[in-house]
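A.B. asks: just to be clear, the model below is a prediction. Sequence and coordinates:
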Amino acid sequence: MSRTSRLLIPIAVILFLAIYIDLPKSPGIHFIGINRDFSTHLGLDLVGGVQALLEADVPTTQTINPADMTAAQKIVENRVNTLGVSEAVVQPAGSRRIVVELPGETDPAQALQTIRQTGLLEFIDMSSLSRQEAQALVRSKVRTDWVSTSNQPVAEATSTPSSSIIPTPTTPVTSTLAPGITATPTITTTVPLTPTQPAPAGPTFHTVMTGADITSVGVETTQAGGYVVGFALNAAGAKIFGDYTTTHIGQILGITLDKEVISAPSINSAITGGKGVIEGNFTSQSANDLADLIRSGSLPIPLKVVTSETVGPTLGQDSLRKSLIAGLIGMSVVILFMALYYRLPGFVADLALLCYALITYALFRLIPVTLTLPGIAGFVLSVGVAVDANVLIFERIKEELRSGKPLRSAIDLGWNRAWPSIRDSNFSTLITCGILYWFGSTFGASIVKGFSLTLAIGVMVSMFTAIVVTRTFLHLVLDNINFTQHSRWFAV
Amino acid sequence: MIDIVKRRYLYFGISLLVIVPGMLALLIWGLPLAIDFKGGSLLDIRFDTGVVPPPAEVTTLYAENGFSDSIVQTTGQNGLVIRSLEMSDNQRDQLVSLMESRFNATITVNRFESVGPSVGQEVAKRAAGAVGLAALGILLYITLAFRGISHAFRYGIAAIIAMLHDVAVVIGVEAILAHFLKWEVDSLFLTALLTVIGFSVHDTIVVFDRIRENLNIYRRLPYETVVNHSIVQTLVRSINTQLTVMLTLLTLAMFGGLTIRHFVVILLVGVFSGTYSSIFNASPILVVWEKREWRSWFRREPKPASS
């Protein structure tokens, strides 16, 4: 009895936590240092949305530098973020692909368009602002007076009829800027990339120049060991920039990406040679981040959309409703079957099954696991696995009872005998889950991934409930029952 | 006690009765691959006005726009599913608005998928690799888990044969159903197949585990008797577990919506086959191996089971 009561406390704690997380409007956990809200993440087959698989558009024989792929992924991420889709996913899929998922996106064509097109980089006249005012605008959206000649900001992106994402035809990051830093006129920013609260749209700023005139961007080290972001301009850009910086020394020149201010340096001296650097208290990381942002028009590797999938919101909601109903009916049928066939132990197993469902669902919300349609199927199927563990134990207990063992030792013996088969059979299922997961992630097949993940979590939780919960509950309920008087309750 | 092992050749025969027609269907009709594997596009649309144009007219419209090979199917709810070559989202938008103006309708896009052909082929290749890898992983695990008894390796091989049996049943049934119900092999089918593999082995291991235990208890009994004893002891468990899994799958098939019906039906077939093979194939194979019965297969009369 003491062993049983010792286990009861952790079970109660786990159950309490699970129910707390499962609550439809869970308040989340907000302790010192911990800040978590809990919600169910639904995949795009359940809420509708867009999934696209982007592939490096280079010959398969050509090896791809992983760093370039990471940079490309970052740029795609930046573009996706401008869409404002919550729970958007941008992940590498294998060595040459990137998967983009936008659950709940209602305008798929627009979304893919945004991912495809190059970002609009502008240098804006902030001479009306003080340094503090300009810094306060960093990370917020502003209005500019730049008007595109076509509908699209950058002509190269729209003139391509195919679904390719084409990098700007310039040499990407170059280090050719490196020598002669001392000779290069500089503009300085004191606090680069400070995150601030978004400000409401204020005045309209004049656009001095767009990113179309930039030919290269790179991070350079200074002689003092610091980092600066260097850039070079084409002839037209050099002319505009030279004229402007000559007349605006000491004033603020804002840099915006898709109308969002990413940096607000001040002009230290005229930049007439077509090359300049942005100074600031950069670390290697922050300098690279800024360079990435400025460069975000030009991908280090060309990407093309190889697969895309769009699910309308109505179909998604319909699937969600139907699978929830199916899940509930399935669960009820199983609960009924167990109680009818195994009587009292079956009822105990039903309680354990409920714990199992609560814990698994809590884990889905905690990790979080994005629930897809096959994911729900995996969950329902893992209920079967959980039942199997209980069936194995009960059949063994029955055998021990038939051979005349007293109830208490029959429970322990039955459990001990059933354990190796529960362990080995579940391990083989886990092996399959692992291979499925690997297979799914290589192709951005979130369907397969979701299924294997939910099934694997289900299998592991079912082992836990079989080892701990069912056994404890059985002892708790049955230890004080006289088996010979109530053998009917056990269906032996 | 029921003697399952004694009539093993009868049960092998029943398996062949399902597998052979399935394999014939596979050879004759092949497996129609979905765009996941061969590349192409799928557009699932609904006509909000309730008037669906004849599929032939949609095919013509597609052909006029450079998609000459489109296949158009009507769906239950005022909808069409159109399969054709890979297309971009812009091309899709153009086609949808063309259809709207020509058929004077408002169209809602339920689902759109487009897969490049190279990706499809790679998926198919990797899928085969995944099945092979899963088999290898399971074989290694079983050999390890059964290392305590003699010929541990045999248990792994027998489990793999039972697993291949289930793969053959599932693929065969899919080939037959795909031909008559116009189903296509997609990544969901693949997921179902891999799950069946997992479950098949799961079931087999439960029986093997009992054999492992009984071999240590009944050291004097002949191998065949111990195996049969173990099958019968685990029979109730096998049937009960299968019942619960099949009950949940049946509810999913009935109420889970069309999107996953194909997936669930394949799982149902696979789970049934998985239980069958673990009872009637996997363990009897151990007996065949132990007695090296293949030496007499071609000498005796055609029906050794009746002996």
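C.D. replies: Received it, and whenever you're ready, just let me know what you need.

A.B. asks: now residue B:49: phi and psi?
C.D. replies: phi -80, psi -10 (degrees, to the nearest 10).

A.B. asks: so who does it touch?
C.D. replies: B:104-106 (Cβ atoms under 8 Å, 6 or more residues apart in numbering or on different chains). For glycine as for every other residue, the C-beta is placed from the backbone atoms N, C-alpha and C.

A.B. asks: show me what contacts the closest residue to residue B:185 other than its chain neighbours?
C.D. replies: In space, and not counting its chain neighbours, residue B:185 is closest to residue B:31: 4.9 Å by Cβ to Cβ, 6 or more residues apart in numbering or on different chains. Shown in contact with residue B:31 (Cβ under 8 Å, 6+ apart): B:171, B:174-175, B:178, B:185.

A.B. asks: one step back: could you single out the nearest of the contacts of residue B:49 to chain A?
C.D. replies: residue B:106 (13.1 Å; Cβ to the nearest Cβ).

A.B. asks: distance check, the residue lying closest to the closest one once chain neighbours are set aside against residue B:105.
C.D. replies: Spatially, and ignoring its direct neighbours in sequence, residue B:106 is nearest to residue B:48 (4.4 Å; Cβ to Cβ, 6+ apart). Residue B:48 sits 7 Å away from residue B:105, going by Cβ to Cβ, to the nearest Å.

A.B. asks: and the helix or strand hosting residue A:430, what's buried?
C.D. replies: Assigned by DSSP states H and E, residue A:430 falls within helix A:407-442. Residues of helix A:407-442 classed as buried: A:407, A:410-415, A:417-433, A:435-437, A:439-442 (neighbour count, 16 or more other Cβ atoms under 10 Å in any protein chain shown).

A.B. asks: that one: how far from the chain's middle?
C.D. replies: Relative to its parent chain, helix A:407-442 has a centroid offset of 30 Å by Cα atoms, centre = their mean, to the nearest Å.

A.B. asks: please apply the same query to stretch A:212-228.
C.D. replies: On Cα atoms, centre = their mean, the centre of stretch A:212-228 falls 31 Å from that of its chain.

A.B. asks: and the residue nearest to residue B:185, how far is that from chain A?
C.D. replies: 18 Å (Cβ to the nearest Cβ, to the nearest Å).

A.B. asks: wait, a strand at that residue?
C.D. replies: No - counting by DSSP: H, G, I helix; E, B strand; the rest coil, residue B:31 is located in no strand; its state is coil.

A.B. asks: adding neighbour count, write the contacts of residue B:31 out as a markdown table.
C.D. replies: Formatted as a markdown table, the contacts of residue B:31 follow (neighbours: other Cβ atoms under 10 Å in any protein chain shown):
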| residue | neighbour count |
| --- | --- |
| B:171 | 21 |
| B:174 | 26 |
| B:175 | 23 |
| B:178 | 23 |
| B:185 | 24 |
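
A.B. asks: out of those residues, which comes closest to chain A?
C.D. replies: Taking the contacts of residue B:31 together and measuring to chain A by Cβ to the nearest Cβ, the closest member is residue B:185, at 13.9 Å.

A.B. asks: need phi/psi at the closest one.
C.D. replies: phi -80, psi 110.

A.B. asks: you'd agree it is up against residue B:37?
C.D. replies: Yes - counting by Cβ atoms under 8 Å, residue B:185 does reach residue B:37; the two are 6.7 Å apart.

A.B. asks: in the stretch 101-250 of chain B, which spans are helices?
C.D. replies: Under the criterion DSSP state H, counting those that start in this stretch, the stretch 101-250 of chain B contains helices at B:117-145, B:152-181, B:187-217, B:223-255.

A.B. asks: in TSV, list these along with distance to residue A:310 and mean pLDDT.
C.D. replies: Shown next, in TSV, are those (distance: least, Cβ to Cβ, whole Å; pLDDT from 0 to 100):
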stretch	distance to residue A:310	mean pLDDT
helix B:117-145	17	80
helix B:152-181	25	92
helix B:187-217	16	85
helix B:223-255	25	88
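
A.B. asks: so for residue B:27, which of those sits nearest?
C.D. replies: Taking Cβ to Cβ, helix B:152-181 is the member of the helices of the stretch 101-250 of chain B nearest to residue B:27, at 8.6 Å.

A.B. asks: the residue in the stretch 51-200 of chain B that chain A sits nearest to: neighbour count?
C.D. replies: For the stretch 51-200 of chain B, the residue closest to chain A is residue B:198, as judged by Cβ to the nearest Cβ, at 3.4 Å. When neighbours are counted by other Cβ atoms under 10 Å in any protein chain shown, residue B:198 registers 29.

A.B. asks: again, but for the one 4 residues further on
C.D. replies: For residue B:202, the number of neighbouring residues by other Cβ under 10 Å comes to 27.

A.B. asks: surely it touches residue A:428?
C.D. replies: Yes - counting by Cβ under 8 Å, residue B:202 touches residue A:428, with 5.8 Å between them.

A.B. asks: give me every residue in the stretch 1-150 of chain B lying close to chain A.
C.D. replies: Within the stretch 1-150 of chain B, the residues that sit near chain A (Cβ under 8 Å from any Cβ of the partner chain) are B:44, B:88-90, B:92-93, B:108-116, B:118-119, B:122-123, B:126-127, B:130, B:133-134, B:137-138, B:141-142, B:145.

A.B. asks: what about 7 Å?
C.D. replies: B:88-89, B:93, B:108-116, B:119, B:123, B:126, B:130, B:133-134, B:137-138, B:141, B:145 (Cβ under 7 Å from any Cβ of the partner chain).

A.B. asks: hmm, residue A:236 and residue A:213 touching each other?
C.D. replies: Yes - using Cβ atoms under 7 Å, residue A:213 is in contact with residue A:236, at 5.8 Å.

A.B. asks: give me the more crowded residue out of these two.
C.D. replies: residue A:213 (21 against 12).

A.B. asks: per-residue confidence at the nearest residue to the more buried one once chain neighbours are set aside?
C.D. replies: Once flanking residues are discounted, residue A:213 sits nearest to residue A:237: 2.8 Å by Cβ to Cβ, 6+ apart. Per-residue confidence at residue A:237 stands at 83 (pLDDT).

A.B. asks: can you check residue A:83 too?
C.D. replies: Listed pLDDT for residue A:83 reads 69.

A.B. asks: also residue A:485?
C.D. replies: So, for residue A:485, pLDDT stands at 68.

A.B. asks: got JSON lines for the contacts of residue B:49, with pLDDT too?
C.D. replies: Formatted as JSON lines, these follow (pLDDT from 0 to 100):
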{"residue": "B:104", "pLDDT": "84"}
{"residue": "B:105", "pLDDT": "83"}
{"residue": "B:106", "pLDDT": "85"}
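
A.B. asks: going through these, which ones are buried?
C.D. replies: residue B:105.

A.B. asks: which one of the contacts of residue B:49 is nearest residue A:293?
C.D. replies: Out of those, the member with the shortest distance to residue A:293 (by Cβ to Cβ) is residue B:106, at 41.1 Å.

A.B. asks: quick one: residues contacting that closest one.
C.D. replies: Counting by Cβ atoms under 7 Å, 6 or more residues apart in numbering or on different chains, residue B:106 makes contact with B:48-49, B:100.

A.B. asks: ok, back up a step: just the helices of the stretch 101-250 of chain B: most buried one?
C.D. replies: Greatest average neighbour count among these goes to helix B:187-217 (a mean of 25), per mean count of other Cβ atoms under 10 Å in any protein chain shown.

A.B. asks: cool, thanks, talk later.
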